[in-house]
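Participant: Any chance you can model this:
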Amino acid sequence: MKHLRTFRSSKTFRFLLMLFSSLGALYLLLFTFPGNRLLSPLLETALSSALSTPVTLERFSLTHNRFDLLLRDRSGNVLSSQGGFSLLTLRLYAHYRIAAAAPEGINRLKTPFKTEGSLSGGIASLDIRGNAQLLGGNLLYRVQLHRFALASLYASADRIAYSGMMRLMEYPSDTDTLLSGTVDLKGFDIRFVEGSIRVTTRTSRFEPTKPVPEVGEPFSLRSLLADERGIVRPFDVNVTLEASVQHLGILEQFTPMRLYGPAALVSTLRGDEKQLIFSGRGSVAGGDTTFSAQIDALEPQKVDLQVTHADVAGLFALTGTEAPLAGDADIRGTLAPERGYFDVRLSHASTVPAVLKRDYNLTQPFIRFDASLTAELDGDGARYRGTARSDLVRLEFADSVPQEQMLRELLKTLR
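Facilitator: The predicted model follows:
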């Protein structure tokens, strides 16, 4: 008894008493119904601050291993979550649901959407899986976080409205195009990104819109990949891109000229921050197309292009114009920031007199011919050399700079 009385009067006893008393009070504060009622206003204020919008905590329950909450913003958008956790292992498992009909409040997408899913894991690895309905389509997704940093991403989209997606990026679009595809990328946390991106589009209606002029600094790879200090950390990438576009016109906000017609592409992006090679193969205007773009230090250096057995009418159709010529075309070229070279060969070609008269004011009979044209581009303009052989005459010309004048001279000589 003497030792017990001595222990009860010791500093160790006082410390243990204070510790267990504090834990008991904390338990009562955090994990009981009266404690939850006291915490609710504080949690509501904290959530309003974190979400940058006023919210009302309509339901809140917390025990030593379970939680349940539901909040609503002033626009009627609702977020709810229920699940469990372990304070010993610091692991969490939960289900969540967001119904955001109003494009404001907690809705950062600024378009109506619904999503629900689950999350599980801990600090080392957190797995988030779910599905969403937005922009008239459906989306399945899985995100993995390592120490709360993105590690991998998988998403499968089905019939997403392209025009709605463009509006989210503040670009105009007038089309009924629907986008489907998958994104499967991993290695973000170790800065070695690999995987694949597959996209298909279906278009029944497309109306051109006015391109939006660039404001501020033009987009560049360096600005995209640099941190807040303008430094690009070392990285590696090996990504496959497959795309099938039914109407190239939907890319009008991202191309220097308006394009039309379908195209298909299979390409890869490989390299690191020192050099990237973007190469691929596709089908354009019925021809086999290969290309390779070299990007050194995140700055474009050159593009090599080769098109074989393309339909001449299909090539003109890409620009939305009717072709004055028919036949097959083979094209080889290299384009760099300050220079370029193109070699074009036409075979089994013929004139289209009606189009020549209507669009070029040229009276020209129907002529069959083969032709070759070489164009050299630099800061001073373009220089042409070429030959043409028709069923009437052979022609050679050089250094004819204006393109329309060159076409007129060629066709007039072939009469």
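Participant: How is Val266 assigned, secondary-structure-wise?
Facilitator: Using DSSP: H, G, I helix; E, B strand; the rest coil, the structure places Val266 in strand.
Participant: OK, contacts around it?
Facilitator: Thr240, Leu241, Glu242, Gly280, Arg281, Gly282 (C-beta atoms under 8 Å, 6 or more residues apart in numbering). In this view, the C-beta of every residue, glycine as well, is placed from N, C-alpha and C.
Participant: Make a markdown table from the residues you listed and add neighbour count and secondary structure to it.
Facilitator: Output for the contacts of Val266, formatted as a markdown table (neighbours: other C-beta atoms under 10 Å; DSSP: H, G, I helix; E, B strand; the rest coil):
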| residue | neighbour count | secondary structure |
| --- | --- | --- |
| Thr240 | 16 | strand |
| Leu241 | 15 | strand |
| Glu242 | 18 | strand |
| Gly280 | 18 | strand |
| Arg281 | 14 | strand |
| Gly282 | 19 | strand |
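Participant: Tell me which stretches of the chain form helices.
Facilitator: Per DSSP state H, the chain carries helices over the ranges 2-8, 11-31, 33-51, 162-168, 221-225, 312-317, 353-360, 403-413.
Participant: Just the buried positions in the fourth one, please.
Facilitator: Under the neighbour-count criterion of 16 or more other C-beta atoms under 10 Å, helix 162-168 has Tyr162, Ser163, Met165, Met166 buried.
Participant: and which of these is nearest Ser80?
Facilitator: Comparing the buried residues of helix 162-168 against Ser80 with C-beta to C-beta picks out Met165 as the nearest, at 26.9 Å.
Participant: Could you report the separation of the closest one from Tyr171?
Facilitator: Relative to Tyr171, Met165 is positioned 9 Å away (C-beta to C-beta, to the nearest Å).
Participant: same question, Leu38
Facilitator: Taking C-beta to C-beta, one finds Leu38 at 49 Å from Tyr171.
Participant: How many residues are close by Thr255?
Facilitator: When neighbours are counted by other C-beta atoms under 10 Å, Thr255 registers 11.
Participant: Tell me how far it lies from Ser163.
Facilitator: Remark: distance between Thr255 and Ser163 (C-beta to C-beta) = 17 Å.
Participant: Tell me which of Leu38 and Tyr171 has more neighbours.
Facilitator: Using other C-beta under 10 Å as the criterion, Leu38 and Tyr171 rank with Tyr171 on top: 15 against 12.
Participant: The more buried one: what's its closest spatial neighbour, skipping adjacent residues?
Facilitator: Spatial nearest neighbour of Tyr171, chain neighbours left out: Gln253 (4.6 Å); criterion: C-beta to C-beta, 6 or more residues apart in numbering.
Participant: List the beta-bridge partners for Phe60.
Facilitator: Judged by DSSP bridges, the bridge partners of Phe60 are Leu69.
Participant: Tell me the spacing between it and Asn77.
Facilitator: 18 Å.
Participant: Who has more neighbours out of these two?
Facilitator: Asn77 (22 against 16).
Participant: what bridges to the residue nearest to that one when sequence neighbours are not counted?
Facilitator: Leaving aside its sequence neighbours, Asn77 sits nearest to Ala100 (C-beta to C-beta, 6+ apart; 4.3 Å). Residues in a beta bridge with Ala100, per DSSP bridges, are Phe113.
Participant: For Ala100, grab the count of nearby residues.
Facilitator: The local packing of Ala100 (other C-beta under 10 Å) involves 24 other residues.
Participant: Just list the residues touching it, thanks.
Facilitator: The neighbours of Ala100, taking C-beta under 8 Å, 6+ apart as the test, are Asn77, Val78, Ile106, Asn107, Leu109, Pro112, Phe113, Lys114.
Participant: go with 6 Å
Facilitator: Asn77, Asn107, Phe113 (C-beta atoms under 6 Å, 6 or more residues apart in numbering).
Participant: Ok, Gly320 next?
Facilitator: Tyr260.
Participant: Backbone dihedrals for it, please?
Facilitator: Gly320 adopts backbone torsions of phi 80, psi 20, taken as degrees, to the nearest 10.
Participant: Report pLDDT for it.
Facilitator: You'll see Gly320 listed with a pLDDT of 82.
Participant: Contact partners for Phe85?
Facilitator: With contact set as C-beta under 6 Å, 6+ apart, Phe85 has these partners: Leu92.
Participant: returning to what we had before: any idea how far the residue nearest to Tyr171 is from Val212?
Facilitator: Taken as C-beta to C-beta, the span from Gln253 to Val212 is 6 Å.
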